[in-house]
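A.B. asks: got a sequence here, can you model it:
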Amino acid sequence: MQFFQYTAFANFTLGHVIMILIGLGFIYLAIAKDYEPMLLVPIGFGILVGNVPFYPGLQIGIYEKGSVLNYLYFGVMQGIYPPLIFLGIGAMTDFSALISNPKLMLIGAAAQLGIFGAYAAALALGFTPSEAGAIGIIGGADGPTAIFLSSKLAPELMGAIAVSAYSYMALVPVIQPPVMRLLTTKKERVIRMKPPRQVSKLEKILFPIVGLMLTTFIVPSGMPLLGMLFFGNLLKESTVTKRLADTAKGPMIDIVTILIGLTVGASTQATTFLTPKSVGIFALGAASFVIATFGGVMFVKIINLFLKEGNKMNPLIGNAGVSAVPDSARVSQVIGLEYDKTNHLLMHAMGPNVAGVIGSAVAAGVLLSFLY
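C.D. replies: Numbers count the residues shown, from 1 in each chain. Here you go, the predicted structure:
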């Protein structure tokens with residue numbers, strides 16, 4: 001009898017069943033539907049690990065001090081993993097499309113409307129300003145940034161915010177297309193954009209240096225993310241630190257992704273995760289993605305009012321202003337090809353897409369400055 005009380009069967013609740021089913025759902029979507037498997041497999045399995053019921057005090061739970069999972073979760077709680085992810089993102093990102101057409105940066109900025117829209121909605125629903133700021137960053141479609149900001153502003157909500165952010169990142173191909181079709185006309189969807197100009201090596205090297213100075217002088221609190229992003233990009237573009245760039249964008253980012261996915265998933269213990277606040281966060285996360293897509297697409301339509309024929313932009317690249325690289329840019333390409341099989345938008349969409357990475361980090365710095 002004493003042995004039985006130490007088994008999972010003796011500590012099982014309906015909440016554990018619900019969370020295990022959610023974890024299995026994540027794994028199914030990753031493997032069967034190929035929805036962000038690099039994220040959803042570690043998170044889904046982490047949810048299973050975190051929801052195996054156990055007898056309290058055995059030092060195995062992620063929230064029990066001294067447990068292995070608790071030590072691994074330290075990198076999430078203290079915001080260590082997200083800057084390392086940004087280092088890898090910088091090392092694998094080509095900013096050429098943005099450098100060749102700087103006005104695409106404005107689309108990335110417009111798509112951050114999702115962040116501030118969700119922030120306002122969270123305040124209206126009764127969340128504190130700090131909690132609302134942490135929830136709002138979900139609209140940037142940037143999991144590492146969501147984890148970084150929530151670790152500072154609302155650590156008690158981090159599990160729900162992180163799982164929500166990564167879930168909706170994986171569902172970008174499902175969420176964005178209906179909004180894009182609704183907001184654009186057939187004529188707008190077949191607009192052809194001029195090919196981006198060739199960018200010199202000097203421009204590519206100067207971009208991370210100038211970008212760091214401009215962004216961090218305006219928002220110093222974004223330094224941990226922006227500094228690592230631009231440093232990783234300099235490692236790539238300098239061409240003299242290829243080994244470092246390869247390590248950052250390969251083994252290192254893979255290791256950190258495994259750790260961040262598994263521990264974020266494990267943090268969804270039913271006893272602490274299944275609350276009305278978590279449900280509200282998931283609803284606000286979905287709304288923020290819709291608002292962000294709306295902001296990006298509508299901004300392109302407004303810009304086009306002031307551009308001459310031949311220089312107009314295809315509004316279908318507006319959705320790429322969110323930070324889900326490169327998935328939202330691929331959505332622009334797929335939807336564009338539906339209406340014109342020879343109109344390839346991917347390279348154009350990558351401009352606002354990488355701008356969204358910078359924009360979400362800047363937005364996180366702004367929120368951190370006001371709310372921390």
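A.B. asks: what comes up buried for whichever strand or helix holds residue 217?
C.D. replies: Residue 217 is located in helix 201-218, with elements delineated by DSSP states H and E. Of all the residues in helix 201-218, those buried under the rule 16 or more other C-beta atoms under 10 Å are 204, 205, 207, 208, 211, 212, 215, 216. For the C-beta atoms, the positions are set from N, CA and C on the backbone; glycine is no exception.
A.B. asks: now it - C-alpha only, PDB.
C.D. replies: Taking C-alpha atoms only, helix 201-218 is exported to PDB below (Å, rounded to 0.1, in the frame of the first residue of the first chain):
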ATOM      1  CA  LYS A 201      29.500  42.700 -48.400                       C
ATOM      2  CA  LEU A 202      30.400  46.100 -46.700                       C
ATOM      3  CA  GLU A 203      26.700  46.800 -46.300                       C
ATOM      4  CA  LYS A 204      26.100  43.400 -44.700                       C
ATOM      5  CA  ILE A 205      29.000  43.900 -42.300                       C
ATOM      6  CA  LEU A 206      27.900  47.400 -41.300                       C
ATOM      7  CA  PHE A 207      24.300  46.500 -40.800                       C
ATOM      8  CA  PRO A 208      24.600  44.600 -37.500                       C
ATOM      9  CA  ILE A 209      27.000  47.300 -36.100                       C
ATOM     10  CA  VAL A 210      24.700  50.200 -37.100                       C
ATOM     11  CA  GLY A 211      21.600  48.200 -36.200                       C
ATOM     12  CA  LEU A 212      23.000  47.500 -32.700                       C
ATOM     13  CA  MET A 213      23.800  51.200 -32.100                       C
ATOM     14  CA  LEU A 214      20.500  52.500 -33.400                       C
ATOM     15  CA  THR A 215      18.200  50.100 -31.500                       C
ATOM     16  CA  THR A 216      20.000  49.800 -28.200                       C
ATOM     17  CA  PHE A 217      20.600  53.500 -27.900                       C
ATOM     18  CA  ILE A 218      16.900  54.000 -28.200                       C
END
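A.B. asks: turn the buried residues of helix 201-218 into a markdown table, including pLDDT and distance to residue 54.
C.D. replies: Putting these into a markdown table (pLDDT from 0 to 100; distance: C-beta to C-beta, whole Å) gives the following:
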| residue | pLDDT | distance to residue 54 |
| --- | --- | --- |
| 204 | 97 | 51 |
| 205 | 97 | 52 |
| 207 | 97 | 50 |
| 208 | 97 | 46 |
| 211 | 96 | 47 |
| 212 | 97 | 46 |
| 215 | 95 | 45 |
| 216 | 95 | 44 |
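A.B. asks: what is the nearest of these to residue 187?
C.D. replies: Distance to residue 187, by C-beta to C-beta, is smallest for residue 207 among the buried residues of helix 201-218, at 34.3 Å.
A.B. asks: I'd say the closest one and residue 237 touch.
C.D. replies: Yes - between residue 207 and residue 237 there is a contact at 7.4 Å, judged by C-beta atoms under 8 Å.
A.B. asks: what residues does the helix holding residue 217 touch?
C.D. replies: 90, 95-96, 99, 222-223, 226-227, 230-231, 233-234, 237-239, 358, 361-362 (C-beta atoms under 8 Å, 6 or more residues apart in numbering).
A.B. asks: try 7 Å
C.D. replies: 95-96, 99, 222-223, 226-227, 230, 233-234, 237-238, 358, 362 (C-beta atoms under 7 Å, 6 or more residues apart in numbering).
A.B. asks: please apply the same query to stretch 296-310.
C.D. replies: Under C-beta under 7 Å, 6+ apart, the answer for stretch 296-310 is 106-107, 110-111, 180, 183-184, 312-313, 315, 317-319, 321-322, 352.
A.B. asks: could you do stretch 123-140 as well?
C.D. replies: 112, 114-119, 122, 145-146, 149-150, 153-154, 157, 161, 164-165, 168, 280-281, 284-285, 288-289, 291-292, 322-323, 360, 363-364, 367, 371.
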